[in-house]
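Undergrad: dropping the sequence and predicted coords here.
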Amino acid sequence: MREWVKSLLVAGVCLCLLSGCNPPATSRSQGDQKEDKRLSADTTQVFGLAVFEKDTHDFGVIWQGEEVSVRFYFTNQGQQSLIIEKVDTGCGCTQADFPRQPVLKGERKYVEVIFNSQGRKGFQYQEVKVKWANIDKTILLTIVAQVREN
């Protein structure tokens, strides 16, 4: 009976490994999280590779009606130029400014996100999606703030 249990346990572990079991997102290491900020390494031979220094910013407590901004810096670590096709802010309270020209290999640029807290109160969470030309992967930038009423 013990041998049968051991065999079943080994088979289960092998099945898990072969099926690509991954730990939940909350238990990933910092190295894995940094990898999420990159475009797929498979595309670097044909396209650029945007590596963001950070992908989340917390403005902390701000006053209602205040306009705040943050720059999300990235470097093109790929072999070719990168072109930002569009940046989707998803909300009228958030705007983005980004380079319209190709980002050359080795260049450091930024996507600036501007948040207007007019008419907002409480905890705010906004996502900004950066879409690259000719690359399917989208980069997600996040801002948060706690808006206090005047």
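TA: Okay, I see it. Numbering: from 1, shown residues only.

Undergrad: hey, let's count contacts and neighbours off CA atoms from now on
TA: Will do.

Undergrad: which residues of the chain score low on pLDDT?
TA: Applying pLDDT under 70 to the chain flags the ranges 1-47.

Undergrad: quick one, strands of it?
TA: When secondary structure is read from DSSP state E, the chain shows strands at 50-52, 56-63, 67-76, 84-88, 94-97, 108-116, 122-132, 138-148.

Undergrad: including mean neighbour count, could these go into CSV?
TA: As requested, the strands of the chain are exported to CSV (neighbours: other Cα atoms under 10 Å):
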stretch, mean neighbour count
strand 50-52, 24
strand 56-63, 15
strand 67-76, 18
strand 84-88, 16
strand 94-97, 17
strand 108-116, 19
strand 122-132, 16
strand 138-148, 18
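
Undergrad: in the sheet, who's paired with residue 115?
TA: Beta-bridge partners of residue 115, counted by DSSP bridges, are residue 68, residue 94.

Undergrad: that one against residue 67, yeah?
TA: Yes. Using Cα atoms under 8 Å, residue 115 is in contact with residue 67, at 5.6 Å.

Undergrad: what is the end-to-end distance of stretch 90-101?
TA: Separation of the first and last residues of stretch 90-101 by Cα to Cα, to the nearest Å is 23 Å.

Undergrad: list the contacts of stretch 133-150.
TA: Outside of stretch 133-150, the residues that reach it under the criterion Cα atoms under 8 Å, 6 or more residues apart in numbering are 37-40, 43, 47, 55-64, 82-85, 117, 120-132.

Undergrad: next: stretch 51-63.
TA: Taking Cα under 8 Å, 6+ apart as the criterion, the residues outside stretch 51-63 that touch it are 37-39, 68, 70, 72-77, 117, 140-150.

Undergrad: now stretch 85-93
TA: By Cα under 8 Å, 6+ apart, stretch 85-93 touches 95-96, 98, 115-118, 126-133.

Undergrad: out of the residues you listed, who's nearest residue 108?
TA: Checking those against residue 108 with Cα to Cα, the nearest one is residue 98 at 12.1 Å.

Undergrad: give me the neighbour count for that closest one.
TA: Other residues near residue 98 come to 17 when the count uses other Cα atoms under 10 Å.

Undergrad: next one: it from residue 89, what distance?
TA: Relative to residue 89, residue 98 is positioned 12 Å away (Cα to Cα).

Undergrad: do residue 54 as well
TA: 17 Å.

Undergrad: out of the two, which sits in the busier spot?
TA: Shown here are residue 54 and residue 89; by other Cα under 10 Å, residue 89 has more neighbours (20 against 14).
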